[in-house]
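1. Okay, here's the prediction I keep looking at, along with the sequence it came from:
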Amino acid sequence: MSYKFLVVGAGEGGGRIADKFAEMKFCHRAVAINTSEPDLDGLQHIPQSNQLKIFTPMHIAGAGKNPDMGEQAARNNADTITAFLRWHCLAEWAKDKDEQRAARCDFILVAVGGGGGTGTGLAVPLTEMCVKLGLPVGMIYTLPVGKSDGTVTLINALTLLKPLHALAEAGTISPFILVDNEKLLSECGSNITDYWGAVNLRICQPLHVINVYSDRASKYVSALDTADLGTLLLSGGCCSLNTFTVANFDRIDAAREVLHRGYFLNGFDLRTAKAAGLIVVGKANILAKPEATTIYEALNKEVADCLSGGLIYKGLYEDDRLDHAMRIVTVFNGMALPTERLDEMLAEMGRGMSAMEGKERRVGSFDFSFGSKTALRAPGMDRLSKKLTGRND
């Protein structure tokens, strides 16, 4: 793999994502931090040695969907969390320099399920601690499922989005992978025992695929290598990844349509991206077909048209395990927030608030808006964001 990711799962949702990375062996190491011991006990693939239980000021399990409690737990346990991160990320347990060099990670990916108390409260202070380790830091941030997750959860998630996006725009966290759980759940079936596993696998897979192939040799002119992937992932702003297969080589329009269709979240304007990557993988006999060349060239042109002069990285790789289809992976990074989808979530939140007698006072100080209509403002989170980015506005 090009990069040895340390995936840090914060809270219940983030811990489940990190657990899926560990299960699929999609990362170098996965750890989980939580205020709830039962949530940590539910992880199947992250051993106890890679789990950290921190205490809230009230010394109870969980933060009760109160991000202030989660944030305070992070602040009160900052030294413990930092030592835990250093131990697992920098391999301070290694016996010698060679072992440490092989065991240490070189990229941190924080996973947070927006809306709860622990993960939402941990997100900014945990990012601050990770940045101080001197390695690149990215984030996977999942948005809640509208009505079924409740209005308070939606308020928590959207309130946190502004400071996180500010950090992404400043390049403090990159990539900033924004995920719409409502969209993924609608596409991953309805089996309650399996659908969150399917959702989390879908979140993990595209990044893993591009991380694997960018470390492989290609006999073709186009090869997206490790340095290219690094530049691509560190472009700031919002990041969208997509992976799909093409088996019907006559469906060029369908391939173009899939490229534009949101994989994690609908509504991104690909034209706002600063950089893009395109990887095409297939058997040698499949890639040799004229139709495969046509698909590749069409997708390449589509990506170039979207970027209008931004950086484009391309890779073409052989893999005999793929049978009769081509696998396509695209990455667009450095994008603006998907305001249309966020406006829908704000409208849903507004309806929920109207139904919550007396709750308007609780969030009355927040400015819920994005972009031309927007920019979430939570004073406490803004202070932390300014501290991380060095802004004085």
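-> Good, I have the coordinates.

2. how does the chain divide into domains?
-> According to automatic domain parsing, the chain comprises the domains 5-206+339-389, 209-233+238-335.

3. Around residue 48, count how many other residues there are.
-> 11 (other Cβ atoms under 10 Å). For glycine as for every other residue, the C-beta is placed from the backbone atoms N, C-alpha and C.

4. typed the wrong thing, it's residue 24
-> Residue 24 has 14 nearby residues by other Cβ under 10 Å.

5. Same question for the one 3 residues further on.
-> Applying other Cβ under 10 Å, we find 23 other residues in the vicinity of residue 27.

6. Check the one 5 residues further on too.
-> Residue 32: 27 surrounding residues under other Cβ under 10 Å.

7. so it sits right up against residue 46, yeah?
-> Yes: here residue 32 reaches residue 46: they are 5.2 Å apart, a contact under Cβ atoms under 8 Å.

8. Pull out the buried positions in stretch 240-252.
-> Neighbour-count burial for stretch 240-252, with 16 or more other Cβ atoms under 10 Å as criterion, is recorded at 240-244, 246, 249, 252.

9. My error: substitute stretch 19-27 in the last question.
-> Residues 19-23, 26-27 are the ones in stretch 19-27 that count as buried (16+ other Cβ under 10 Å).

10. Mind checking which of these land in helices?
-> 19-23 (DSSP state H).

11. okay if I get these as CSV plus distance to residue 326 and pLDDT?
-> Rendered in CSV, the data for these read as follows (distance: Cβ to Cβ, whole Å; pLDDT from 0 to 100):
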residue, distance to residue 326, pLDDT
19, 31, 95
20, 25, 94
21, 25, 94
22, 29, 94
23, 27, 93
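
12. can you put the residues you listed in TSV and add distance to residue 6?
-> Shown next, in TSV, are these (distance: Cβ to Cβ, whole Å):
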residue	distance to residue 6
19	14
20	15
21	10
22	11
23	16
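
13. And those, which is closest to residue 218?
-> residue 21 (25.7 Å; Cβ to Cβ).

14. For residue 66, see how far away the closest one is.
-> 27 Å (Cβ to Cβ, to the nearest Å).

15. quick revisit: out of the ones in helices among the buried residues of stretch 19-27, flag the one nearest to residue 56.
-> Of those, the one sitting nearest to residue 56 (Cβ to Cβ) turns out to be residue 19, at 22.0 Å.

16. Is it correct that residue 241 is in contact with residue 206?
-> Yes: contact criterion Cβ under 8 Å: residue 241 and residue 206 qualify, at 3.7 Å.

17. low-scoring stretches of the stretch 201-350 of the chain, by residue?
-> Applying pLDDT under 70 to the stretch 201-350 of the chain flags residues 249-251, 254-255, 262.

18. And the strands in it?
-> 238-246, 275-282, 311-318, 326-335 (DSSP state E, counting those that start in this stretch).

19. can I get those in a markdown table with distance to residue 187?
-> Below are the strands of the stretch 201-350 of the chain laid out as a markdown table (distance: least, Cβ to Cβ, whole Å):
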| stretch | distance to residue 187 |
| --- | --- |
| strand 238-246 | 12 |
| strand 275-282 | 22 |
| strand 311-318 | 26 |
| strand 326-335 | 18 |
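
20. among these, which is nearest residue 225?
-> That would be strand 311-318 among the strands of the stretch 201-350 of the chain, by Cβ to Cβ, at 7.9 Å.

21. and the closest one, C-alpha only, in CSV?
-> Below are the C-alpha coordinates for strand 311-318, written out as CSV (Å, rounded to 0.1, in the frame of the first residue of the first chain):
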residue,chain,number,x,y,z
LEU,A,311,-4.4,18.7,-11.3
ILE,A,312,-5.4,15.3,-12.8
TYR,A,313,-3.7,12.0,-11.9
LYS,A,314,-4.3,8.8,-13.9
GLY,A,315,-3.4,5.2,-13.5
LEU,A,316,-4.0,2.1,-15.7
TYR,A,317,-3.3,-1.3,-14.1
GLU,A,318,-3.6,-4.9,-14.9
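
22. of all the buried residues of stretch 240-252, which comes closest to residue 320?
-> residue 246 (17.0 Å).

23. residue contacts, the closest one?
-> 255, 295, 325-326, 328 (Cβ atoms under 8 Å, 6 or more residues apart in numbering).

24. so what's it bridging to?
-> Note on residue 246: beta-bridge partners residue 326, judged by DSSP bridges.

25. So it versus residue 256, what's the distance?
-> 11 Å.

26. Wasn't residue 109 part of a strand?
-> Yes: Residue 109 forms part of a strand when assessed by DSSP: H, G, I helix; E, B strand; the rest coil.

27. what is in contact with residue 241 and residue 206 at once?
-> Each of 263, 329, 331 lies in contact with both residue 241 and residue 206 under the rule Cβ under 8 Å, 6+ apart.

28. Out of those, who's the most crowded?
-> residue 331 leads these on contacts (other Cβ under 10 Å) with 27 neighbours.

29. That one and residue 235 touch, don't they?
-> No: the criterion here is Cβ under 8 Å, and residue 331 misses it with residue 235 at 9.4 Å.

30. Please identify the helix or strand for residue 112.
-> Assigned by DSSP states H and E, residue 112 belongs to strand 107-113.

31. That strand: partners in the sheet, and parallel or antiparallel?
-> By DSSP bridges, strand 107-113 pairs with strand 5-10 (parallel), strand 137-143 (parallel).

32. pLDDT on it, on average?
-> The average pLDDT for strand 107-113 rounds to 96.

33. what about that strand, distance to the chain center?
-> Relative to its chain's centre, strand 107-113 lies at 7 Å (Cα atoms, centre = their mean, to the nearest Å).

34. Run the angle between the next helix or strand after that strand and strand 5-10 for me.
-> Counting by DSSP H and E, the next helix or strand C-terminal to strand 107-113 is helix 118-131. Counting by axes from the mean of the first three to the mean of the last three Cα atoms, to 10 degrees, helix 118-131 points 140 degrees away from the direction of strand 5-10.

35. Many thanks, we can stop here.
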